[in-house]
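Peer 1: Here's my sequence, what's the structure:
(chains A and B)
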Amino acid sequence: MAEKILLVDDEEGIRRVLGLSLSDMGYEVHTAENGEAALQEFRNNRPPIVLADIKMPGMDGIDLLRKLKAEDPDTEVILITGHGDMDLAIKSLKYEATDFITKPIEDRELENALEKARQRIKLRQQWRSYTENLEDMVRQKTDRLTDAAKEGESAEDARFRRLFDELPGYVAVIDGDYEITAANKTLKSDFELDDPRGIHCYKLFKGSDEPCLDCPVAHTFDENQTCQAELKFTPDGAQSRHMFAWTTPLQDETGEVSRVMIMMTEISQLLDLKDHLASLGLMVGSVSHGIKGLLTGLDGGVYMLNSGFSHDDPEEISEGLKTVKTMSDRIKHMVLDILYYAREMKLDKQPADISEFVHETAEVVDARAKEAGIELVREVDESLENSRITIDAEQLRAAIVNILENALDACAEDREKTSHRIEFRAFAENGAVCFDISDTGPGMDAETREKIFKLFYSSKRSQGTGIGLFITQKIVGQHNGTIEVESTPGQGTRFRIRIPYGE
Amino acid sequence: MAKKILVIDDDPTTVKYLVSVLKNNGFETCEAYDGVEAMEVLQREKPDLITLDLEMPEEWGTRFYRKLRKQGGELQDTPVLIISAMASRHLSVRDAVGYLSKPFDPNEVIDIINQNT
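Peer 2: Got it, this is the predicted structure:
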């Protein structure tokens, strides 16, 4: 496509002749006879090159040049000067005219000036495209770099976030005020918090309003060292859990500990298992020990029976028989106790008449009490007459019989007093039914009192399995009840079981 | 003259059993159910041999044994046969004439006593 050129001259002859020459050179020629017309024409056609007479009436070539340059600084303006216009020509250069040619116009001069203009245009285009390219390239590179940097950073961040979130157990970052500043997904979901930031760790984990004593986080802040600790979570309204915690100091640029990361994992089950294993170990020891004693007793009974028969000694026969019977009873008890312990107890709760329950329970041990000459008193408070409570009567009876039997054993063992009495009472108190079992036996010291609910602890030596009260406590617990014991050495013991009415 | 055996055990059934075994084999017997009682019976009866359960409460067994060996006098070296639920030898009792674990074989009891009285 032909390049546009605007020819401005007030002389029509020049416009025509020069216009023809320019057309011959391959330009699309537009003409204007004065400055105003030229500007108009320029705005309409946007010619890259303007060829203008410097001396025109009205707006002269210099003015036009300035205006054109103001409108588009890239316009190549070639001025045509007459002789003696040298000052103007120089002035025009100052205003960034491309070139000037003198009248009379020679084709070579014109071509040179036009060539110069085209070169400048071309150069400028190249330059512009190069600059644009360069800018583009720089922008692209920068973008790529920033993108890369951004992507790199965010990918890394995401990786860390994922890692942080997916870590098993709880991970939290805690600041010097014990406020949580970050927490992993598991922690958030387990504690049902979208954003635990700003919450105090002791509030969240312990339901407490103050920092904990022996806080591993505080220790890590102080010592700038990792720390391990066992913690007990007691969050508001939730079951307590045993946790194992590691803490790690997080340092700022100056090396100061600004935050502490704490990682926690639950070990409740592990502790249970540990207890269970310890119990099992104890059980093996205790049971094998107990069984040895029982077998010795059985051997003894059989030996005495044998010996009695061979000597025809009725007394020895009866002694042997009694021993065998006692031993087989004890073995039976032990086996039942162990089975009881091993079995996972599921309660079958039904409404039961409290008065009936008390009397039926007492009847279980009546015969033994009578045999031992111990008075067994039962008493149900009037307010509980015809009143019912939802319990698993079988289980709760077994639980109470354990205590009654212990009371009988304690009284039978106690030779300090001439007569003994066991009271089994039921009464209502604060929305619960209390079952009191008190005896006048030898009582227990504080140490024994602390251990009695422990599995396989027995104060009855080889005659106890150490399972009874453990089971009692378990059953009472399954009824959401409590059990407490008061005892004075030399005076007796009182157990109190409280069973809430519940559903 | 029949030899006299002191049976010390806190379990009455075991005491009865041992007494029956010993009597059937021509021994005289006396018995004690705890360490303090054992010391009294020992002084009074001057037995030829003692059977001792080490697993009585509060270490009655081992305490009695130590006291026996330290007291001086004619009874200090009375032979002791340990009859206990523990199968292995008790560390604090090194010079007993025998160690039997429950449940024991009555013949073994008699064999050991015969060899040491």
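Peer 1: ok and the residue in chain B nearest chain A?
Peer 2: Nearest residue of chain B to chain A: B:Tyr17, at 2.6 Å (C-beta to the nearest C-beta). From N, CA and C alone the C-beta is placed, and that goes for glycine too.
Peer 1: The residue nearest the centre of chain B and A:Asp299, how far apart?
Peer 2: Nearest to the mean C-alpha position of chain B, counting by C-alpha atoms, centre = their mean, stands B:Thr51 at 1.5 Å. Distance of B:Thr51 to A:Asp299, given as C-beta to C-beta, to the nearest Å: 15 Å.
Peer 1: returning to that earlier point: report the distance from the helix or strand hosting the residue nearest to the centre of chain B to the chain centre.
Peer 2: Here B:Thr51 sits within strand B:49-52, counting by DSSP states H and E. Put simply, strand B:49-52 sits 2 Å off its chain's centre (C-alpha atoms, centre = their mean, to the nearest Å).
Peer 1: what packs against it?
Peer 2: On a contact count with 3 or more C-beta pairs under 8 Å, 6 or more residues apart in numbering or on different chains; DSSP states H and E, strand B:49-52 meets strand B:4-8, helix B:35-45, helix B:60-70, strand B:80-84, helix B:106-116.
Peer 1: mean pLDDT for those: which is lowest?
Peer 2: Lowest mean pLDDT within the helices and strands packed on strand B:49-52: helix B:60-70, a mean of 85.
Peer 1: Enumerate the positions of that one that are buried.
Peer 2: B:60-65, B:68 (16 or more other C-beta atoms under 10 Å in any protein chain shown).
Peer 1: now stretch A:204-215
Peer 2: Judged by neighbour count (16+ other C-beta under 10 Å), stretch A:204-215 contains these buried residues: A:204-206, A:212, A:215.
Peer 1: Restricted to helices, list these.
Peer 2: A:204-206 (DSSP state H).
Peer 1: Out of those residues, which one has the weakest pLDDT?
Peer 2: Least confident entry in those, by pLDDT: A:Lys206, with 83.
Peer 1: how much space between that one and chain B?
Peer 2: Per C-beta to the nearest C-beta, to the nearest Å, A:Lys206 is found 42 Å from chain B.
Peer 1: how close does that residue get to A:Met263?
Peer 2: 17 Å.
Peer 1: Please compute how far the helix of greatest length in chain A lies from its chain's middle.
Peer 2: Using DSSP H to assign secondary structure, the helix with the most residues in chain A is helix A:107-166. Between the centre of helix A:107-166 and the centre of its chain there are 46 Å (C-alpha atoms, centre = their mean).
Peer 1: For residue 5, which residues count as its bridge partners?
Peer 2: As the question left the chain open, I've gone with chain A. A:Val29, A:Ile49 (DSSP bridges).
Peer 1: sorry, should have said chain B
Peer 2: Note on B:Ile5: beta-bridge partners by DSSP bridges are B:Thr29, B:Leu49.
Peer 1: residues contacting it?
Peer 2: By C-beta atoms under 8 Å, 6 or more residues apart in numbering or on different chains, B:Ile5 lies in contact with B:22, B:27-30, B:47-51, B:113, B:117.
Peer 1: try 10 Å this time
Peer 2: B:18-19, B:21-23, B:25, B:27-31, B:45, B:47-51, B:81, B:109, B:113, B:117 (C-beta atoms under 10 Å, 6 or more residues apart in numbering or on different chains).
Peer 1: Now, of those, which are buried?
Peer 2: B:18-19, B:21-23, B:25, B:27, B:29-31, B:45, B:47-51, B:81, B:109, B:113.
Peer 1: Assign A:Ile497 to helix, strand or coil.
Peer 2: Applying DSSP: H, G, I helix; E, B strand; the rest coil to A:Ile497 yields a three-state assignment of strand.
Peer 1: what about the spatially closest residue to it that is not a sequence neighbour, which SS state?
Peer 2: Residue nearest to A:Ile497 in three dimensions, not counting chain neighbours: A:Phe435, with 4.4 Å by C-beta to C-beta, 6 or more residues apart in numbering or on different chains. Judged by three-state DSSP, the three-state class of A:Phe435 is strand.
Peer 1: thinking again about what came up before, what pLDDT, on average, does the strand holding B:Thr51 get?
Peer 2: pLDDT averaged over strand B:49-52 gives 94.
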